[in-house]
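Chemist: only geometry, no sequence info:
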């Protein structure tokens with residue numbers, strides 16, 4: 001997905017019933033959406049660099065930048081154990097079962 005994001009964005013749009021028109025594709029709408037959803041773009045928005053979420057002045061107040069790590073494939077291994085990753089895979093597969101989405105991925 002990382003290497004051909006526009007292709008998968010179009011597949012996702014088609015899957016949810018909102019395919020891009022030829023005109024939208026020619027005008028670069030797909031690439032604009034991909035760009036605006038990129039890790040680089042989102043992590044550099046002012047609200048995500050300096051904003052906060054939660055209950056102000058309590059332990060529940062969190063800085064938005066904590067939701068962004070490196071944005072690299074496989075970086076989860078620096079934060080989760082293999083067992084935790086496998087558990088998340090199982091939960092994700094269960095939640096998406098029957099949706100028609102295929103979550104095929106390669107493991108090291």
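Modeler: That came in fine, so what should we check first? Every value quoted in this text rests on a predicted model; they were computed, and no experiment measured them. Numbers count the residues shown, from 1 in each chain.
Chemist: low pLDDT regions in the chain?
Modeler: 1-2, 103-108 (pLDDT under 70).
Chemist: how about a cut-off of 80?
Modeler: Applying pLDDT under 80 to the chain picks out residues 1-3, 67-71, 100-108.
Chemist: the strands in it, which residues?
Modeler: Counting by DSSP state E, the chain has strands at residues 52-53, 62-63.
Chemist: to residue 88, which of those strands lies closest?
Modeler: Closest to residue 88 of the strands of the chain is strand 62-63 (CB to CB; 20.8 Å). Just so you know, the C-beta spots here come from the backbone N, C-alpha and C atoms, and that holds for glycine as well.
Chemist: what pairs with the closest one, parallel or antiparallel?
Modeler: Here strand 62-63 has these sheet partners by DSSP bridges: strand 52-53 (antiparallel).
Chemist: tell me how far the partner strand lies from the chain's centre.
Modeler: Relative to the chain's own centre, strand 52-53 is displaced by 20 Å; criterion: CA atoms, centre = their mean, to the nearest Å.
Chemist: quick one: the residue lying farthest from the centre of the chain from residue 63, how far?
Modeler: Centroid-distance maximum for the chain: residue 57 at 29.3 Å, with CA atoms, centre = their mean. With distances taken as CB to CB, to the nearest Å, residue 57 is found 13 Å from residue 63.
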